[in-house]
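Enquirer: Need a 3D model of the following:
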Amino acid sequence: MAGRSHKPGPIVTVTPNPCVDKTLRIDVPLRPGHKIRGSGWSCVAGGKGCNVSRAVRALGGETRAVVVVGGLTGDHVLRMLEDEDGVPCVPIRVAAWTRTITTVLETSRHRQTALFEPGPTVTPAEAHRAIQITLRAIRGAGVVTLNGSTPCSTLDDLYAEVIRESHKHHVPVILDAYGEVFRRAVAEGPDLVKPNREEAEMLLGSPLDKPEAYSKAAEAFHRNGIRIVVISDGRRGAFFSDGDRQLWAKPPRIREVNPVGSGDAMVAAFALSMAGYSPTLSGGRANQPCDLETLARVGTAAGAANAMTWDIGHFDPEMVSRLADRVQLIPW
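Expert: Residues are numbered from 1 along each chain as shown. Below you'll find the model as predicted:
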């Protein structure tokens with residue numbers, strides 16, 4: 001008699017620096033110094049982990065979002081995530097207001113200009129509390145994803161602490177960040193890292209301008225105990241290494257609408273695969289094998305599917321299935 005398959009826990013995303021992500025559409029060219037009236041606007045809960053949680057939902061998976069929020073803007077982020085996106089949240093309250101990012105979209109040119117507010121100041125006491133709440137929130141996770149920047153240096157140990165705690169309970173961790181928090185977390189050996197090319201160059205201090213440079217970069221990450229290295233490079237695709245094999249995943253040609261959040265859609269597909277699901281099927285299918293080729297195909301396909309829609313993380317999972325077969329895998 002066959003045993004019942006074990007259902008993995010939810011994908012827990014950690015976003016210490018979320019935002020109110022507002023887009024203002026204008027039908028005339030952007031002219032600095034002039035008053036310009038918008039033709040429409042939209043708003044979503046922004047931040048890399050918020051995008052990952054939405055993409056996990058789009059792919060049929062379960063997720064929980066840990067977010068550091070403050071003020072009325074923080075309340076707005078929570079309402080959008082929970083009420084509009086259907087993502088359960090673990091809010092970590094701080095006194096300072098959550099930032100807003102405003103993107104001006106020139107519809108005639110399809111050109112975007114993004115204006116970033118600085119992240120909130122988190123006090124040492126708030127940072128200590130944030131770490132403790134996060135460590136409790138990741139219990140029972142299928143996979144933990146650590147996403148994006150920290151708002152200030154008091155939280156630069158957050159990801160490293162989460163990796164140590166997750167590994168005590170044999171929970172895989174995906175790291176997609178940059179800066180000091182990324183450097184400290186890499187030293188703890190997360191299971192998968194996904195910097196983009198510029199972020200990898202910044203951390204390693206050398207350009208990735210030759211094939212052998214990617215291989216050397218992967219070796220540097222693997223020496224920290226990192227099992228899988230992914231270095232993304234936008235429309236060109238992404239480099240994948242598991243220590244034994246290396247390959248380049250070239251995405252299929254698509255009609256691109258909005259590439260923002262495509263790297264986060266990749267992370268969502270990685271997380272579901274590592275948790276034992278097949279993210280190329282809506283609703284998933286538990287206890288599926290996860291190898292380098294699977295990660296490369298489903299991750300690249302999810303990123304491409306996201307780029308075909310304007311709304312970040314709201315793509316058609318069936319499109320991921322169709323695109324996965326068209327991803328070109330090139331031995332490195």
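
Enquirer: hey, let's count contacts and neighbours off CA atoms from now on
Expert: Fine.

Enquirer: Can you name every helix or strand that the strand or helix carrying residue 52 contacts?
Expert: Secondary structure from DSSP states H and E places residue 52 in helix 48-58. Other elements packing on helix 48-58 under the criterion 3 or more C-alpha pairs under 8 Å, 6 or more residues apart in numbering; DSSP states H and E are strand 11-15, strand 63-69, strand 143-147, helix 262-274.

Enquirer: could you dump the ones you listed to TSV with mean pLDDT and mean neighbour count?
Expert: Shown next, in TSV, are the helices and strands packed on helix 48-58 (pLDDT from 0 to 100; neighbours: other C-alpha atoms under 10 Å):
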stretch	mean pLDDT	mean neighbour count
strand 11-15	99	29
strand 63-69	99	27
strand 143-147	99	29
helix 262-274	96	30
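
Enquirer: which residues does the nearest residue to residue 271 once chain neighbours are set aside form a beta bridge with?
Expert: Leaving aside its sequence neighbours, residue 271 sits nearest to residue 143 (C-alpha to C-alpha, 6 or more residues apart in numbering; 6.0 Å). Taking DSSP bridges as the rule, residue 143 bridges to residue 11.

Enquirer: Enumerate every residue touching residue 143.
Expert: 9, 10, 11, 12, 171, 172, 173, 174, 271, 272, 274, 275 (C-alpha atoms under 8 Å, 6 or more residues apart in numbering).

Enquirer: tell me the contacts of the last one?
Expert: Taking C-alpha under 8 Å, 6+ apart as the definition of contact, the neighbours of residue 275 are 8, 9, 11, 142, 143, 287.

Enquirer: what about the second one, how many neighbours?
Expert: Which is residue 9. Residue 9 has 18 neighbours, counted by other C-alpha atoms under 10 Å.

Enquirer: any idea how far residue 92 is from the nearest residue to it once chain neighbours are set aside?
Expert: Leaving aside its sequence neighbours, residue 9 sits nearest to residue 142 (C-alpha to C-alpha, 6+ apart; 4.0 Å). Using C-alpha to C-alpha, to the nearest Å, residue 142 is found at 21 Å from residue 92.

Enquirer: In terms of packing, which of the two has more residues around it?
Expert: Shown here are residue 142 and residue 92; by other C-alpha under 10 Å, residue 142 has more neighbours (23 against 19).

Enquirer: helix/strand/coil for residue 207?
Expert: Put simply, residue 207 is coil when judged by DSSP: H, G, I helix; E, B strand; the rest coil.

Enquirer: That one - how many residues pack around it?
Expert: By other C-alpha under 10 Å, 14 other residues sit near residue 207.

Enquirer: neighbours around the closest residue to it other than its chain neighbours, how many?
Expert: Leaving aside its sequence neighbours, residue 207 sits nearest to residue 201 (C-alpha to C-alpha, 6+ apart; 5.4 Å). The number of residues packed near residue 201 is 17, by other C-alpha under 10 Å.

Enquirer: got it, and residue 318?
Expert: Counted with other C-alpha under 10 Å, the neighbours of residue 318 add up to 15.

Enquirer: Quickly note the distance from it to residue 58.
Expert: From residue 318 across to residue 58, the span is 10 Å (C-alpha to C-alpha).

Enquirer: swap in residue 189?
Expert: The value you get for residue 189 to residue 58, if C-alpha to C-alpha is used, is 29 Å.

Enquirer: and residue 301, how many neighbours?
Expert: Neighbourhood size, residue 301 [other C-alpha under 10 Å]: 31.

Enquirer: That one touches residue 324, doesn't it?
Expert: Yes: with contact defined as C-alpha atoms under 8 Å, residue 301 counts as touching residue 324 (4.9 Å).

Enquirer: what ranges of the stretch 151-300 of the chain fall below the confidence cut-off?
Expert: Residue ranges of the stretch 151-300 of the chain with pLDDT under 70: 278-289.

Enquirer: switch to 90 and redo it
Expert: Residue ranges of the stretch 151-300 of the chain with pLDDT under 90: 203-204, 211, 234-235, 276-290.

Enquirer: Which residue ranges of it form strands?
Expert: Using DSSP state E, counting those that start in this stretch, the strands of the stretch 151-300 of the chain run over residues 173-176, 192-193, 228-232, 238-241, 246-250.

Enquirer: Quick one: distance of the second one to the chain centre.
Expert: If I follow you right, that is strand 192-193. Distance of strand 192-193 from the chain centroid (C-alpha atoms, centre = their mean, to the nearest Å) equals 11 Å.

Enquirer: right, and residue 159 touches residue 186 too?
Expert: No: contact criterion C-alpha under 8 Å: residue 159 and residue 186 do not qualify, at 9.1 Å.
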